[in-house]
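1. sequence unknown, structure follows:
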């Protein structure tokens with residue numbers, strides 16, 4: 001029998017071979033009926049009781065979570081608790097009950113549809129991940145209304161999940177973490193994507209996850225043999241013996257390599273000719289910070305702050321931000337933490353006062369542009385970061401930088417925030433190094449000018465590739481045109497590295513290229529000596545660097561940039 005291939009989004013790397021365990025979804029039938037006027041107050045009370053019960057269930061979970069990802073999972077549960085308190089879900093269904101005289105279940109269903117329509121109209125990946133949250137929160141309230149448990153079905157609760165690949169319509173972070181503890185090998189879901197909360201947890205656990213396979217539960221039978229390839233975003237149903245053998249060997253090879261890489265922990269990262277290369281980590285949650293230290297990162301080259309905003313669904317207070325940043329600073333135990341200021345806009349939207357219907361959001365009010373347009377939001381974040389910097393070394397990184405004036409205005413605001421904090425008797429960091437993300441062609445072209453005004457540069461290759469080639473990196477129809485190896489992209493990377501060296505300023509690269517071992521030799525050839533990546537791939541890149549002759553690779557730079565070689569990776573291969 002020929003194996004059936006299903007393709008989805010590669011949400012977390014790795015390979016799993018096991019039998020399918022199908023989880024019951026939240027898509028159960030919802031009754032609809034009208035109520036007489038005298039029964040509406042009781043129905044309103046029933047809905048309020050369901051919201052209360054759902055909140056209590058989440059609080060109980062948060063109080064009882066254990067394991068290495070307890071803090072991260074608790075954050076997600078807290079975000080769901082906040083959504084339940086929001087008027088859209090706490091009061092919206094009540095309006096339907098009053099105005100249409102319908103039962104609470106139907107009122108909640110109509111509210112959910114309204115919310116999903118609003119999210120769908122905005123069409124971006126981060127909001128799609130928020131749609132998952134809406135579905136999960138609605139599912140919990142609906143479960144309380146119908147006296148039904150939606151966390152895990154009874155069968156999944158009763159037995160061990162050792163040897164099983166979980167197949168679900170959607171996965172909550174708590175579910176995923178709990179099932180991993182029970183022995184689950186990997187995950188497949190019909191919804192979600194690489195930016196969802198569940199994906200973040202899967203990556204932190206090091207378990208493969210393929211998301212966004214519509215109809216997966218209809219095409220996969222309970223107990224069916226599956227091969228899950230998280231690297232390629234593929235699920236094979238009922239694979240033949242040859243494929244099972246091939247993937248088993250591939251999986252064993254991955255394990256052997258991971259085991260062998262452990263020897264690099266604690267060792268300085270050097271090339272064969274003794275050139276020191278600094279490996280930094282990209283991080284967004286506490287588990288990433290812990291893994292960064294374990295795998296020998298010299299610090300965090302990119303700490304994303306937008307997640308605290310997205311999890312709150314609004315601007316967090318200064319104290320809420322300070323608590324998050326302080327925890328991250330302390331977690332690094334004296335190693336530097338590079339905090340990127342709010343990078344909202346384009347594919348990550350949040351209503352902070354900007355126009356929600358920008359005609360071209362990728363070229364609109366995003367990154368540092370948004371921060372400088374809403375100075376009170378920026379002031380609050382900078383004050384929180386400065387307070388956290390009192391507890392350890394912190395560097396500031398500005399996203400979407402395009403002109404010198406953005407730096408001048410930011411430095412002025414930093415000085416103002418420092419003066420305010422000192423006047424209020426609040427301890428804060430001083431002389432924080434200020435860096436800029438080089439992710440638009442204009443910034444790369446004027447990199448020599450920016451380097452004079454900044455303390456360090458950081459290249460964001462994801463957006464730099466997109467803007468240089470005029471290719472939407474989120475449009476799957478354009479995959480053949482999204483090419484980070486295009487001579488124009490490599491030239492801009494090279495120019496930025498050269499500008500930093502000429503000014504005596506460090507230059508790191510924190511885009512996806514840094515964590516792809518196949519690009520490591522190429523980036524070394526362009527002169528890159530600071531790489532920043534997800535901490536799980538840090539040792540893999542470390543190993544490649546240890547096998548390279550830096551000076552030999554540097555001699556290939558002019559050939560790489562000439563555009564005459566169709567396969568530049570082959571040019572730099574050993």
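-> Received it, and whenever you're ready, just let me know what you need. What you see is a predicted model, and the numbers here were worked out from it, not measured in a lab. Residues are numbered from 1 along each chain as shown.
2. contacting residues for residue 283?
-> Residues in contact with residue 283 (C-beta atoms under 8 Å, 6 or more residues apart in numbering) are 289, 292, 300, 302-304, 328, 535. To be clear about C-beta, it is placed using only N, CA and C from the backbone, and glycine gets the same treatment.
3. do residue 269 as well
-> By C-beta under 8 Å, 6+ apart, the contact set of residue 269 is 276-279, 296, 542, 545-546.
4. with distance to residue 236 added, can I get the residues you listed in TSV?
-> Below are these laid out as TSV (distance: C-beta to C-beta, whole Å):
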residue	distance to residue 236
276	43
277	38
278	40
279	34
296	35
542	32
545	34
546	34
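5. among those residues, the buried ones, what's the PyMOL command?
-> Here is the PyMOL command that selects the buried residues among these (16 or more other C-beta atoms under 10 Å):
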select buried, resi 277+278+279+296+542+545
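6. surely residue 303 touches residue 327?
-> No: with contact defined as C-beta atoms under 8 Å, residue 303 and residue 327 do not form a contacting pair (11.1 Å).
7. give me the more crowded residue out of those two.
-> Ranked by neighbour count (other C-beta atoms under 10 Å), residue 303 and residue 327 place residue 303 first, with 28 against 14.
8. what count of nearby residues applies to the residue lying closest to residue 214 once chain neighbours are set aside?
-> Nearest non-adjacent residue to residue 214, counting by C-beta to C-beta, 6 or more residues apart in numbering: residue 190, 5.7 Å away. A count of neighbours around residue 190, defined by other C-beta under 10 Å, yields 20.
9. ok, residue 190 - contacts?
-> Here residue 190 is in contact with 168-170, 212-217 (criterion: C-beta under 8 Å, 6+ apart).
10. ditto for residue 416
-> Residues near residue 416 by C-beta under 8 Å, 6+ apart: residue 379.
11. buried residues in stretch 171-191, which are they?
-> So, applying 16+ other C-beta under 10 Å, buried residues of stretch 171-191: 171-180, 184-191.
12. any idea of the mean pLDDT in the helix or strand where residue 56 lies?
-> Using DSSP states H and E, residue 56 sits in helix 40-64. The pLDDT scores in helix 40-64 average 84.
13. name the residues that touch it?
-> By C-beta under 8 Å, 6+ apart, helix 40-64 touches 35, 74, 77-78, 80-81, 84-85, 89-90, 93-94, 97-98, 101, 103-104, 107-108, 137, 140-141, 143-145, 174.
14. and these, which of them are buried?
-> 74, 77, 80, 84, 89-90, 93-94, 97, 101, 103-104, 107-108, 137, 140-141, 143-145, 174.
15. what about residue 505, neighbour count?
-> Going by other C-beta under 10 Å, the residues that sit close to residue 505 add up to 19.
16. now it: closest residue in space that isn't a chain neighbour?
-> Residue 505's closest residue in space is residue 451 (C-beta to C-beta, 6+ apart), at 5.0 Å.
17. secondary structure element holding that neighbour?
-> Assigned by DSSP H and E, residue 451 belongs to helix 447-453.
18. from the contact counts, what lies against that helix?
-> helix 404-423, strand 434-438, strand 456-459, helix 487-503 (3 or more C-beta pairs under 8 Å, 6 or more residues apart in numbering; DSSP states H and E).
19. hmm, 6 Å instead?
-> helix 487-503 (3 or more C-beta pairs under 6 Å, 6 or more residues apart in numbering; DSSP states H and E).
20. which other residues reach the helix it packs on?
-> Residues from elsewhere that reach helix 487-503, judged by C-beta atoms under 6 Å, 6 or more residues apart in numbering: 438, 444, 447-448, 451-452, 457, 459, 465, 468, 507, 526-528, 561, 563.
21. repeat that with 7 Å
-> Applying C-beta atoms under 7 Å, 6 or more residues apart in numbering, the contact partners of helix 487-503 are 438, 441, 444, 447-448, 451-452, 457, 459, 461, 464-465, 468, 506-507, 526-528, 557, 560-561, 563.
22. the helix or strand just after it pairs with which strands, and in what direction?
-> Per DSSP H and E, the first helix or strand lying C-terminal to helix 487-503 is strand 507-509. Strand 507-509 sits in its sheet next to strand 456-459 (parallel), strand 530-533 (parallel), going by DSSP bridges.
23. show me the helices in the stretch 1-150 of the chain, by range?
-> Using DSSP state H, counting those that start in this stretch, the helices of the stretch 1-150 of the chain run over 40-64, 70-85, 87-90, 92-100, 104-120, 125-146.
24. and the ones you listed: which comes nearest residue 342?
-> helix 125-146 (12.9 Å; C-beta to C-beta).
25. walk me through the domains of this structure.
-> For the chain, automatic domain parsing gives the domain ranges 4-25+152-259, 37-146, 265-298+433-564, 300-432.
26. check the offset of the first one from the chain's centre.
-> Looking back up the chat, that one is domain 4-25+152-259. Its chain's C-alpha centre and that of domain 4-25+152-259 lie 19 Å apart, by C-alpha atoms, centre = their mean, to the nearest Å.
27. do the same with the last one
-> For domain 300-432, the separation from the chain centroid amounts to 17 Å (computed by C-alpha atoms, centre = their mean).
28. circling back to that earlier point, now, which of the buried residues of stretch 171-191 lie within helices?
-> 173-180 (DSSP state H).
29. with respect to residue 573, which of these is nearest?
-> Nearest to residue 573 out of these is residue 180 (C-beta to C-beta; 36.8 Å).
30. show me what contacts that closest one?
-> By C-beta under 7 Å, 6+ apart, the contact set of residue 180 is 205, 207.
31. what's the distance between it and residue 60?
-> Distance from residue 180 to residue 60, counting by C-beta to C-beta, to the nearest Å: 20 Å.
32. enumerate every residue touching residue 455.
-> Residue 455 touches 433-435, 505, counting by C-beta under 7 Å, 6+ apart.
33. name the nearest residue to it, sequence neighbours excluded.
-> Leaving aside its chain neighbours, residue 455 sits nearest to residue 433 (3.9 Å; criterion: C-beta to C-beta, 6+ apart).
34. number of nearby residues for the one you found?
-> 16.
35. same thing with residue 273?
-> Using other C-beta under 10 Å: residue 273 sits among 11 other residues.
36. what's the pLDDT at it?
-> Predicted confidence (pLDDT) for residue 273: 95.
37. element containing it?
-> Going by DSSP H and E, residue 273 is not in any helix or strand.
38. surely it touches residue 550?
-> Yes: judged on C-beta atoms under 7 Å, residue 273 makes contact with residue 550 at a distance of 5.6 Å.
39. need the contacts of residue 455 in TSV (columns: distance to residue 402).
-> Output for the contacts of residue 455, formatted as TSV (distance: C-beta to C-beta, whole Å):
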residue	distance to residue 402
433	20
434	15
435	14
505	18
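40. out of the residues you listed, which is nearest to residue 116?
-> residue 435 (38.7 Å).
41. can you tell me which residues contact residue 134?
-> 112, 115-116.
42. buried among those? Make that a PyMOL selection.
-> A single PyMOL command selects the buried members of the contacts of residue 134 (16+ other C-beta under 10 Å):
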select buried, resi 112+115
